[in-house]
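Peer 1: Pasting the sequence and the predicted model now:
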Amino acid sequence: MEAKSPAEPSSTYAVAAAEMLSRIEAEARATASYTGRPVFDRRVMAAMARVPRHKFVLSSEEELAYINAALAISHGQTISQPYIVALMTDLLGLEPDAVVLEVGTGSGYQAAVLAEIAKQVYSIEIILELAAKAQVQLQELGCTNVEVRAGDGYTGWPEHAPYDGIMVTAAAREIPPALVEQLKSGGRLVMPLGAPFMGQELVVVEKSDIGKINTRSVLSVAFVPFTRARPR
């Protein structure tokens, strides 16, 4: 399915959006010794330029939508810092025909960015209200290559596996085994590991063509905790 790109930021936010891109570029250079990425892929930056971030924040936060910082949305969740969104997307190293799994839809912003680069995005959100709202917002913006469902992302979405890339946008103490299993050989998984709100590291998990797993730490980060469904 061919993606429809979301509308670009309106003229009202054009200056703020341009400043956001400049801050992402500056932070990429500043953190290059940790990430190995002084410059992000042009497709990633183009996606960051096109997706209207103000559509994914609370109405009371619209004027802050393009600052380079995480913002609260609802249900105790956040929309990630633009630099982190760009970094995690870049680390996946996606090709245009990629099929991607995102665990932790939240507002839907990261999914919209991924949709600009990948062929298909499947996104799981454990909070029903957030999943429903994100799906509506993504549809309204023309992101026809994103499918959202409510559920426990720890077990992944096996029906559409294997995935070229998997992104987890909440911090867990371990890498979910099901996600590693659903990762395609040659694919990458990017996620924060560590305790809630502290001592977290953004890691890249790579699966070789023969199934060997290699994990490396990239950068210290702070994410909301990974939430699991309660046992019945």
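Peer 2: Thanks, I have the structure now.
Peer 1: what about Arg216, helix or strand, and which?
Peer 2: strand 213-221 (DSSP states H and E).
Peer 1: For that strand, enumerate the helices and strands it packs against.
Peer 2: helix 32-35, helix 82-92, strand 200-207 (3 or more Cβ pairs under 8 Å, 6 or more residues apart in numbering; DSSP states H and E). In this view, the C-beta of every residue, glycine as well, is placed from N, C-alpha and C.
Peer 1: try it again with 10 Å
Peer 2: helix 32-35, helix 82-92, strand 183-193, strand 200-207 (3 or more Cβ pairs under 10 Å, 6 or more residues apart in numbering; DSSP states H and E).
Peer 1: average pLDDT for stretch 47-66?
Peer 2: Mean pLDDT, stretch 47-66: 95.
Peer 1: ok, now stretch 133-147?
Peer 2: On average, stretch 133-147 scores 96.
Peer 1: Show the end-to-end separation of it, please.
Peer 2: Criterion Cα to Cα, to the nearest Å; first-to-last residue distance in stretch 133-147 is 12 Å.
Peer 1: buried stuff in it?
Peer 2: Neighbour counts over stretch 133-147 (16 or more other Cβ atoms under 10 Å) mark 133-135, 137-138, 141, 143, 145-147 as buried.
Peer 1: quick one, what contacts Ala28?
Peer 2: 35, 37-40, 44-45, 83, 86-87, 90 (Cβ atoms under 10 Å, 6 or more residues apart in numbering).
Peer 1: repeat that for 8 Å
Peer 2: 35, 37-40, 83, 86-87 (Cβ atoms under 8 Å, 6 or more residues apart in numbering).
Peer 1: pLDDT wise, what is it at?
Peer 2: Reported pLDDT for Ala28: 98.
Peer 1: Against Pro176, how distant is it?
Peer 2: 28 Å (Cβ to Cβ, to the nearest Å).
Peer 1: For burial, what's the neighbour tally of Val168?
Peer 2: 26 (other Cβ atoms under 10 Å).
Peer 1: Torsion angles phi and psi at it?
Peer 2: phi -120, psi 130 (degrees, to the nearest 10).
Peer 1: So it is in contact with Arg188, correct?
Peer 2: No - using Cβ atoms under 8 Å, Val168 is not in contact with Arg188; the gap is 11.8 Å.
Peer 1: on that earlier part again, what angle do the strand holding Arg216 and strand 200-207 make?
Peer 2: Comparing the axes of strand 213-221 and strand 200-207 via axes from the mean of the first three to the mean of the last three Cα atoms, to 10 degrees yields an angle of 160 degrees.
Peer 1: Each with direction, which strands does strand 213-221 pair with?
Peer 2: If you go by DSSP bridges, strand 213-221 pairs up with strand 200-207 (antiparallel).
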